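Chemist: Quick one: sequence and predicted model below, then my questions.
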Amino acid sequence: LWQRIDIFLSQNLEYSRNFFHHLIENWTILVNNKQIKKSYILKSWDEISIHSLDRFLSNEILSETPDIDLPIKLERQDYLVLYKPKWVLSHPWSVWDLHRPSVTGFLYHHFKQLPTIWNFIRAGLVHRLDKDTDWLMIIAKTEDWLKYFKNLFQQKSLASTIEEKEQILIKKFYRAEVEVSSQWKEFLETIKEKMPFYIDEIVKTKLSHIKEFKNWITKILDFQNISENQVLLNIEILTWRTHQIRYHLSSKWLPIKGDDLYGKWWWEMKLTAYRLWFLDNQWEEINISI
């Protein structure tokens, strides 16, 4: 065999390596009745024993998450829209994060039997958001509506041109406070009357061992001067990639204030998703702002 135990388990039981790291650390997984490290190399004669696995594969584990209150901005029979503040996770990335406030933790304590698309820990989630960003999130209450919203997101991803992406029936709008050089401020002033301005490029992304080239499109709608070297950008994203706005603005020498990954550290990142617009599958137009 000669394979790391975390890799072997993740390939055969369809859960993440981080998930099994937690179990190994808590002595839930033993090899030959002995505690092992996550880097342990399995041999063909090894005997793996997993104790109380059901606890970790059941949504009851979410009972360990904090019971927080999140403002619900809109509720329908089959879906709801809630507000996620900064510092709240969309969902725990692993069982290590269960002690941290999360949207799925809130849903566990206040709603039951929400639909899943991968596993219980993301029950009801149509999309997710960085913990440092506050904004509105769609939560599906039924499988049909989860599929409907997921299809909208997928259409946005698969559309190949700006014109096609503009026609998809869901839109997200952001505000970002950025630090701007005098050169870029002059550039923004020159294109002010020609807004919107598109940042459209092919970006190489790496997910685990897979390298992909994907189209990233950020639409700057307009801007307002805050001070001599800071402006407030109003933005719509036409492709929904991880860290898209943060990466795009930083690559154009417009770092978001407080972005500790792509800009300069500050105590709070000044990025807010302030408006959500979509058509639900009953053709009701939903337009919510915070």
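Modeler: Right, received. Where do you want to start? Small disclaimer: the values here were computed from a predicted structure and weren't measured.
Chemist: Just the mean pLDDT for stretch 257-274, thanks.
Modeler: Averaging pLDDT along stretch 257-274 yields 81.
Chemist: got the end-to-end distance for it?
Modeler: 17 Å (Cα to Cα, to the nearest Å).
Chemist: tell me how far that stretch is from the chain's mean position?
Modeler: Between the centre of stretch 257-274 and the centre of its chain there are 16 Å (Cα atoms, centre = their mean, to the nearest Å).
Chemist: For that stretch, list every residue counted as buried.
Modeler: Residues of stretch 257-274 classed as buried: 257-259, 262-263, 269-274 (neighbour count, 16 or more other Cβ atoms under 10 Å). From N, CA and C alone the C-beta is placed, and that goes for glycine too.
Chemist: Need those in CSV (columns: secondary structure).
Modeler: Below are the buried residues of stretch 257-274 laid out as CSV (DSSP: H, G, I helix; E, B strand; the rest coil):
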residue, secondary structure
257, coil
258, strand
259, coil
262, coil
263, coil
269, coil
270, coil
271, strand
272, strand
273, strand
274, strand
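Chemist: Tell me which stretches of the stretch 101-250 of the chain form helices.
Modeler: Here the stretch 101-250 of the chain has its helices, by DSSP state H, counting those that start in this stretch, at 103-110, 143-158, 162-167, 182-191, 244-251.
Chemist: And for the fourth one, what's in contact with it?
Modeler: By Cβ atoms under 8 Å, 6 or more residues apart in numbering, the list of residues contacting helix 182-191 from outside reads 180, 197, 223, 229, 231, 252-254.
Chemist: among those, which ones are buried?
Modeler: Among the contacts of helix 182-191, those classed as buried by neighbour count (16+ other Cβ under 10 Å) are 180, 197, 223, 231, 252, 254.
Chemist: List the residues that contact residue 140.
Modeler: Contact analysis of residue 140 by Cβ under 8 Å, 6+ apart lists 78-79, 114-115, 124, 126, 146, 148-149.
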